[in-house]
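[1] got a predicted model here, sequence first, then my questions.
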Amino acid sequence: MTVRVRFAPSPTGYLHVGGGRTALYNWLFARHHGGAFILRSDDTDAQRSTDEFRADILDSLGWLGIDWDEGIEVGGSHGTYRQSDRFDRYREVAEGFVASGAAYYDAATSDDLKLIRDQATASGSSPVYDGRHQLSIEAAQHRVAAGDPPPIRFAVLRPGETRFEDAVRGEVVFDHANVDDFVILRSDGSPTYHLASTVDDVDYAITHVIRGEDILSSTPKHILITEAMGAERPTYAHLSLLNGPDGKKLSKRHGDTAIRAYRDAGFLPPAVVNFLAILGWSPGDDEEIVSLQDMVERFELGSVSKNPAVFDTTKLEWMNGVYIRQMSPEAFAIELGRLVAGDLGRELSEAETQSLVDLAPLVQERAKLLTEVAPQVRFLFVDELEYDRASWDKVMATPEALAVVEGARSALAGSEWTHQGVEAALRTMLDEQGLSARKGLQPLRVALTGSSVSPPLFESIVAVGRDRALERLAVAKKRIG
RNA sequence: GGCCCCGUCGUCUAGCGGCCUAGGACGCUGGCCUCUCAAGCCAGUAACGCCGGUUCAAAUCCGGUCGGGGCUACCA
């Protein structure tokens, strides 16, 4: 039997990191087994589903590099893969259940339900609706004719129990005394999640349902529906949820949870993928930087951890730096050029591009985020330098600042304009003044780049060019004096 | 309240009864390198929630307890 898994987000929000991880694990599982990964849109909630979210989910998956073999956009042999297009099918199944006695039309009002809940709470038992207000077919037809159609509920057999072997959690048992007769078709004729999702899993021949732990308690309902359809149940695997640093369920409160926020913040897709993969799954050895190919080879549901993970981006930032350093110098230079152009709001000239390419490797080995990189080389492309206030105050107030800036002007005026030439000229000047490089170079760094933190100085000076370098030293001297 | 899941360093995890004086990674601290910041290298810091039981032996098995999370909708 070939493996078929699906990721079935509902477009009621941006694709968040938890959803991204679920998608990734499904994808990894499918690729590992040479099976099919299917992308479905669980959009039965017409009120909250939007096109913006539909687009974001597609964009974010694409950005992560997760592709799918069947599903929305790419098609396949199961229709549109959008639940909103399959309401007739769900109704057909629900009505079939009524005919076979597996489900019934129900007349319970919200007051009836509330009473049952209150009584259950008071007596310390489970708040379970048991079908005491179910309608006969005739009575239901009357209500339909009267324009007040009743919902259809699934009749859970009690006493009874549903047990299954969860691929990550092991055996899980639910006593039917705690599973109530749930609505499968709403009074407006639309299916609930339980029905639509399960019917799709059966119709699309899904073999493994890998999803968040938040649906673990709904699983008996899904198994019951599956069996009522006369189908074989899939293997279920419930992934633990992601928590915020305070241990509570991850939410907006904890900062960015949308995948797109990480793209915007300057993270690389492979870094995010690697981080998400490691968050709750262990590749088996002590190495945490894992290539996609290795992930596919080693991924198993058995090595997915059961306990919830805190989504802490500290390690992600480190990992992103690793991936940035892993880029080829050429690829990084191109990316840097793009970022700088965006930062400046204009295209770069050929000469500018060349100086950027020269400096790019030095920026690359320092970067953690793509977004921090353009500001670091901005000094190369502006006519007038903006000085970082704290840097200036700290460095230019020192006694050696003025002397060094002046000394550098004459030293650089006659030096050979290469890294070695500039370095030799400045070191000689420093020697003459009896200053260490450590102290003597900082004023020059601020004078030439505007900040006490910059790419290595000699290379930066060369990239700035002699005329501008001398001009900046003159400006700095004036400012000091 | 009821049901279900989970509980190893601050964080992510390895560990499947003896190899555990509990390993790795990130972070943090210190050092080396050094023109700043990074990177790199080296060292250090720090955990089996608690109580019982089983066993010659328990982080590993069992029970309880405490703690956290999820579900408890005609949301998904």
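    That came through, no problem. Residues are numbered from 1 along each chain as shown, chains lettered A, B, ... in the order given.

[2] can you give me the strands for the stretch 151-300 of chain A?
    Ranges of strands within the stretch 151-300 of chain A are A:152-154, A:161-166, A:170-175, A:183-185, A:208-212, A:235-239, A:242-243, based on DSSP state E, counting those that start in this stretch.

[3] and for the stretch 1-150 of chain A?
    A:4-7, A:36-39, A:70-71, A:103-105.

[4] now the strands of the stretch 151-300 of chain A as CSV including mean pLDDT and distance to RNA strand B?
    (Each C-beta comes from the backbone N, C-alpha and C, glycine too.) Compiled in CSV, the strands of the stretch 151-300 of chain A are given as follows (pLDDT from 0 to 100; distance: least, CB to the nearest atom of the strand, whole Å):
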stretch, mean pLDDT, distance to RNA strand B
strand A:152-154, 98, 8
strand A:161-166, 95, 8
strand A:170-175, 94, 5
strand A:183-185, 97, 4
strand A:208-212, 97, 8
strand A:235-239, 97, 7
strand A:242-243, 92, 6
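
[5] now these as CSV including distance to residue A:313?
    CSV is the format used below for those (distance: least, CB to CB, whole Å):
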stretch, distance to residue A:313
strand A:152-154, 42
strand A:161-166, 29
strand A:170-175, 31
strand A:183-185, 39
strand A:208-212, 20
strand A:235-239, 19
strand A:242-243, 12
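
[6] could the strands of the stretch 1-150 of chain A go into JSON lines alongside mean pLDDT and mean neighbour count?
    Converted to JSON lines, the strands of the stretch 1-150 of chain A look like this (pLDDT from 0 to 100; neighbours: other CB atoms under 10 Å):
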{"stretch": "strand A:4-7", "mean pLDDT": "98", "mean neighbour count": "25"}
{"stretch": "strand A:36-39", "mean pLDDT": "98", "mean neighbour count": "23"}
{"stretch": "strand A:70-71", "mean pLDDT": "96", "mean neighbour count": "20"}
{"stretch": "strand A:103-105", "mean pLDDT": "97", "mean neighbour count": "25"}
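
[7] what parts of the stretch 51-200 of chain A come near RNA strand B?
    A:110, A:113, A:117, A:120-121, A:124-127, A:150-151, A:169-170, A:172-175, A:178, A:182-183, A:186-188, A:190, A:192-194, A:197 (CB under 7 Å from any atom of the strand).

[8] list buried residues within these.
    A:150-151, A:169, A:172, A:174, A:182-183, A:186, A:190, A:192-194, A:197 (16 or more other CB atoms under 10 Å).

[9] identify the farthest-apart pair in those residues.
    Using CB to CB, the two most remote members of these are A:150 and A:169, lying 36.5 Å apart.

[10] leaving out sequence neighbours, find the closest residue to the residue located most distally from the centre of chain A.
    The centre of chain A is farthest from one residue, residue A:432, which by CA atoms, centre = their mean lies 55.5 Å away. With sequence-adjacent residues excluded and distances taken as CB to CB, 6 or more residues apart in numbering, residue A:432 is closest to residue A:407, at 7.3 Å.

[11] quick one: the helices in the stretch 101-250 of chain A?
    Under the criterion DSSP state H, counting those that start in this stretch, the stretch 101-250 of chain A contains helices at A:110-123, A:137-145, A:193-203, A:219-228.

[12] closest to residue A:381 out of these?
    helix A:193-203 (53.0 Å).

[13] from the contact counts, what lies against the closest one?
    helix A:87-100, strand A:183-185, helix A:219-228 (3 or more CB pairs under 8 Å, 6 or more residues apart in numbering; DSSP states H and E).

[14] let me see the mean pLDDT of that helix.
    Averaging pLDDT along helix A:193-203 yields 97.

[15] run the chain-centre distance for it.
    26 Å (CA atoms, centre = their mean, to the nearest Å).

[16] returning to what we had before: most tightly surrounded among the helices and strands packed on helix A:193-203?
    strand A:183-185 (a mean of 25; mean count of other CB atoms under 10 Å).

[17] follow-up on the earlier one: what's the closest of the strands of the stretch 1-150 of chain A to residue A:159?
    Among the strands of the stretch 1-150 of chain A, strand A:103-105 sits nearest to residue A:159 (CB to CB), with 18.6 Å.

[18] burial of residue A:171, as a residue count?
    8 (other CB atoms under 10 Å).

[19] for the residue nearest to it when sequence neighbours are not counted, give me its contacts.
    Spatial nearest neighbour of residue A:171, excluding adjacent residues (CB to CB, 6+ apart): residue A:165 at 5.5 Å. Contact analysis of residue A:165 by CB atoms under 8 Å, 6 or more residues apart in numbering lists A:171, A:172, A:235.

[20] so the second one bridges to which residues?
    Note on residue A:172: beta-bridge partners by DSSP bridges are residue A:164.

[21] walk me through the domains of chain A.
    A:4-72+A:241-310, A:86-239, A:327-378, A:389-480 (automatic domain parsing).

[22] how about low-confidence regions in chain A?
    Along chain A, segments meeting pLDDT under 70 are nowhere present.

[23] again, 80 this time
    A:1, A:246-249, A:251-255, A:481 (pLDDT under 80).

[24] ok, back up a step: any idea which helix or strand carries the residue farthest from the centre of chain A?
    Applying DSSP states H and E as the criterion places residue A:432 in helix A:419-433.

[25] which strands and helices lie in contact with the next helix or strand after that helix?
    Using DSSP H and E, the helix or strand that follows helix A:419-433 in sequence is helix A:437-449. In this structure, helix A:437-449 makes packing contacts with helix A:389-395, helix A:400-413, helix A:419-433, helix A:457-464, helix A:466-480, judged by 3+ CB pairs under 8 Å, 6+ apart.

[26] format those as CSV; extra columns: distance to RNA strand B.
    What follows is those, written out as CSV (distance: least, CB to the nearest atom of the strand, whole Å):
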stretch, distance to RNA strand B
helix A:389-395, 9
helix A:400-413, 12
helix A:419-433, 7
helix A:457-464, 3
helix A:466-480, 14
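
[27] deepest-packed of those, please.
    helix A:457-464 (a mean of 22).

[28] how far away from the center of its chain is that one?
    38 Å.

[29] list the neighbours of it that are in contact with it.
    Applying CB under 8 Å, 6+ apart, the contact partners of helix A:457-464 are A:355-356, A:358-359, A:362, A:379-380, A:412, A:417-419, A:422-423, A:426, A:441, A:444-445, A:448-449, A:454, A:469, A:472.

[30] which one, of the helices and strands packed on helix A:193-203, ends up nearest to residue A:315?
    So among the helices and strands packed on helix A:193-203, helix A:219-228 is nearest, using CB to CB, at 31.7 Å.

[31] ok, and does the closest one reach over to RNA strand B?
    No - figure legend: helix A:219-228 not in contact with RNA strand B (CB under 7 Å from any atom of the strand); closest approach 8.2 Å.

[32] elements contacting that helix?
    Taking 3+ CB pairs under 8 Å, 6+ apart as the contact cut, helix A:219-228 packs with strand A:152-154, strand A:161-166, strand A:170-175, helix A:193-203.

[33] and the contacts of residue A:165 as a markdown table, adding distance to residue A:131?
    As requested, these are exported to a markdown table (distance: CB to CB, whole Å):
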| residue | distance to residue A:131 |
| --- | --- |
| A:171 | 28 |
| A:172 | 25 |
| A:235 | 30 |
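
[34] closest to residue A:37 out of those residues?
    Nearest member of the contacts of residue A:165 to residue A:37, counting by CB to CB, is residue A:235, at 15.5 Å.

[35] right, I'll leave it there.
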